[in-house]
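Participant: Provided below are the primary sequence and the corresponding predicted coordinates.
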Amino acid sequence: MVASHDIELTEILSKSYDNFHFREQITDEGIVFDYTLYPGKARTKNAIKLLDFMDYPREVIARAQRIAEDFETTRKWGEY
């Protein structure tokens, strides 16, 4: 068993392991989990949502979103 939220790891290990994930809902009141295990890799980027929830500066959140979107497009981490 491997536990990770890292997108790259889930892709690399998908040849050796089945992917499963939990889902969360981030509301104005907090984070809610239903504690159900779902098949496949997670599709949400809750770390960036958590930055917003924790009142990080807008420029930090925007930069994190740009970096994540760049990775989604190129499948590589750039020089940031």
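Facilitator: The structure has been received and is ready for your questions.
Participant: Pull the distance from the longest helix belonging to the chain to the chain's centre.
Facilitator: Identified as the longest helix of the chain according to DSSP state H is helix 58-74. Distance of helix 58-74 from its chain centroid, counting by C-alpha atoms, centre = their mean, to the nearest Å, is 12 Å.
Participant: One more: stretch 65-78?
Facilitator: Chain-centre distance of stretch 65-78: 12 Å, with C-alpha atoms, centre = their mean.
Participant: avg pLDDT for it?
Facilitator: The average pLDDT for stretch 65-78 rounds to 88.
Participant: Which residues does it contact?
Facilitator: 7, 45, 48, 80 (C-beta atoms under 8 Å, 6 or more residues apart in numbering). Every residue, glycine included, has its C-beta placed from N, CA and C.
Participant: Just the ones in helices from these, please.
Facilitator: Using DSSP H, the members of the contacts of stretch 65-78 that fall within helices are 7, 48.
Participant: which of the contacts of stretch 65-78 has the most neighbours?
Facilitator: Top of the contacts of stretch 65-78 by neighbour number is residue 48, holding 18 neighbours under the definition other C-beta atoms under 10 Å.
Participant: so how far is stretch 51-70 from its chain's centroid?
Facilitator: On C-alpha atoms, centre = their mean, the centre of stretch 51-70 falls 12 Å from that of its chain.
Participant: wait, I meant stretch 73-80
Facilitator: In terms of C-alpha atoms, centre = their mean, the centre of stretch 73-80 is found 15 Å from the chain centre.
Participant: What is the end-to-end distance of that stretch?
Facilitator: Stretch 73-80 has an end-to-end distance of 16 Å (C-alpha to C-alpha, to the nearest Å).
Participant: circling back to that earlier point, buried stuff in the longest helix of the chain?
Facilitator: 61, 64 (16 or more other C-beta atoms under 10 Å).
Participant: and the residue nearest to residue 21 when sequence neighbours are not counted, what pLDDT?
Facilitator: Among residues not flanking residue 21 along the chain, residue 42 sits closest, at 3.9 Å (C-beta to C-beta, 6 or more residues apart in numbering). pLDDT recorded at residue 42 is 83.
Participant: Show me the residue at the heart of this structure, geometrically.
Facilitator: Residue closest to the average C-alpha location in the chain (C-alpha atoms, centre = their mean): residue 45, at 3.1 Å.
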